[in-house]
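Undergrad: A predicted structure for the sequence below; I have some questions about it.
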Amino acid sequence: MYAWIWRHLPGPVPVRLLAALVLAVAVVALLFTTVFPWAEHALPFLDVTVER
Amino acid sequence: MSGGADAARAAARALGELLITAGLVLLLFVAYQLVWTNVEAERAQGQVADQIREAWERPTGRTGAGTDAGTTDFGEGFAFLRIPRLGEKYSVPVVEGVGLDVLSRGVGHYPDTVRPGQVGNFAVAGHRATNGEPFAYLDRLRPGDAVVAETRDAWFTYVVDSIRIVRPSDTWVIDPVPGKPGAEPTERLLTLTTCNPRWSSTERLIVFAHLEERRTKDDGPPPVLAKGVA
């Protein structure tokens, strides 16, 4: 998977490195802003209210 | 070299990369939960605190943030909770509602319960782990400890009566008269709820308190806040 991505990044090595870094940051940002806040709802220790 | 062996090796490598990626994502999630939610909650609580103070600066007569009796939008702050046992500087904004999106901005006021200082039960929920974790050490409270609610007009000093551990479905704890459904309230009570044990949700930790003293803003803060915990 990672080798495949590396092969499909354009340009010389420094440019590819930069592109790879940008990709990684974008994935982490997506996780922190969207995926994790959604997944958080499944965590038991966030249930702090009494409810029926 | 057979094509079959190459294909198997490629498949194994792909699976390995997938597993490593899953491991990294899980590690990131732990970091997000343990660190990032607290960072975000601290920032959000600071904003809510500023909004409350600003609202209190404005002249009275409008409903909404800051007023002691008026309605408040979900997520909007209207008071501060001070618990000297949890630290001299311990102060957390009270916001309206107990949804997950609201609780990272402070501690949440159960919408169907009364406001600070009113006859009935002023009930508040807060996180015990992550998302600012205002009630992380709520189990350290002891009978006789003070819990102070600061509103626009007054300081309400509640004194802890008891600490109980109940089931998550025990909604009677936030009834106007806890344990007596339908009873007409005559006392001014406070109930705090959070999860128990700290990293679980099998039970709820409950703190019951009653109103001991009401001071206007002109009277100044109650002495218990000035001298910290005796």
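TA: Received, thanks. Numbering: from 1, shown residues only, chains lettered A, B, ... in the order given.
Undergrad: okay, CA-based contacts and neighbour counts for the rest of this
TA: Fine.
Undergrad: Can you pull out the low-pLDDT segments for the chain?
TA: Just going to use chain A. A:52 (pLDDT under 70).
Undergrad: To clarify, I was referring to chain B.
TA: Within chain B, the set of residues satisfying pLDDT under 70 comprises B:1-2, B:60-71, B:227-230.
Undergrad: Spell out which residues of chain A are next to chain B.
TA: Among all residues of chain A, those adjacent to chain B (criterion: C-alpha under 8 Å from any C-alpha of the partner chain) are A:1-2, A:32, A:36, A:40-41, A:44-52.
Undergrad: For ChimeraX, write the select line for the buried members of the residues you listed.
TA: In ChimeraX, this line selects whichever of the residues of chain A next to chain B come out buried by 16 or more other C-alpha atoms under 10 Å in any protein chain shown:
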select /A:32,36,45,46,47,48,49,50
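Undergrad: Run a quick neighbour tally on residue 20.
TA: Assuming you mean chain A. By other C-alpha atoms under 10 Å in any protein chain shown, the residues close to A:Ala20 number 16.
Undergrad: Sorry, I should have been clearer: chain B.
TA: The local packing count at B:Ile20 equals 12, with neighbours defined by other C-alpha under 10 Å.
Undergrad: Nearest to chain B: which residue in chain A?
TA: Distance from chain B to each residue of chain A (C-alpha to the nearest C-alpha) is smallest for A:Val48, at 4.2 Å.
Undergrad: tell me the SS of that residue?
TA: Under DSSP: H, G, I helix; E, B strand; the rest coil, A:Val48 falls in the coil class.
Undergrad: check contacts around it.
TA: B:125-128, B:193-195, B:201, B:204 (C-alpha atoms under 8 Å, 6 or more residues apart in numbering or on different chains).
Undergrad: Of those, which are in range of chain A?
TA: Among the contacts of A:Val48, proximity to chain A is found for B:125-128, B:193-195, B:201, B:204 (C-alpha under 8 Å from any C-alpha).
Undergrad: quick one on the thing from earlier: can you list which of the contacts of A:Val48 are found in strands?
TA: Judged by DSSP state E, the subset of the contacts of A:Val48 located in strands is B:125, B:193-195, B:204.
Undergrad: What helix or strand is B:Val147 located in?
TA: strand B:146-150 (DSSP states H and E).
Undergrad: can you count the residues close to residue 34?
TA: You didn't say which chain, so I picked chain A. Number of residues near A:Thr34 (other C-alpha under 10 Å) recorded here: 11.
Undergrad: Chain B was what I was after
TA: For B:Leu34, the number of neighbouring residues by other C-alpha under 10 Å comes to 15.
Undergrad: wait, is it part of a helix?
TA: Yes - according to three-state DSSP, the state of B:Leu34 is that of a helix.
Undergrad: Hmm, it is touching B:Gly132, no?
TA: No - judged on C-alpha atoms under 8 Å, B:Leu34 makes no contact with B:Gly132 at a distance of 9.6 Å.
Undergrad: Mark which of the ones in strands among the contacts of A:Val48 are buried, thanks.
TA: Buried residues within these, counting neighbours by 16+ other C-alpha under 10 Å: B:125, B:193-195, B:204.
Undergrad: Among these, find me the one that's closest to B:Ser169.
TA: Minimum distance to B:Ser169 across those is 9.0 Å, recorded for B:Arg204 (C-alpha to C-alpha).
Undergrad: Run a quick check on that closest one versus B:Ile165, I expect a contact.
TA: Yes - the pair formed by B:Arg204 and B:Ile165 meets the contact definition of C-alpha under 8 Å, at 5.6 Å.
Undergrad: Give the intersection of the neighbour lists for the two.
TA: The contact lists of B:Arg204 and B:Ile165 share B:Asn196, where a contact means C-alpha under 8 Å, 6+ apart.
Undergrad: Tell me the residues of chain B that contact chain A?
TA: B:14, B:17, B:29, B:32-33, B:98, B:100, B:125-129, B:167-171, B:173, B:193-196, B:198-201, B:204.
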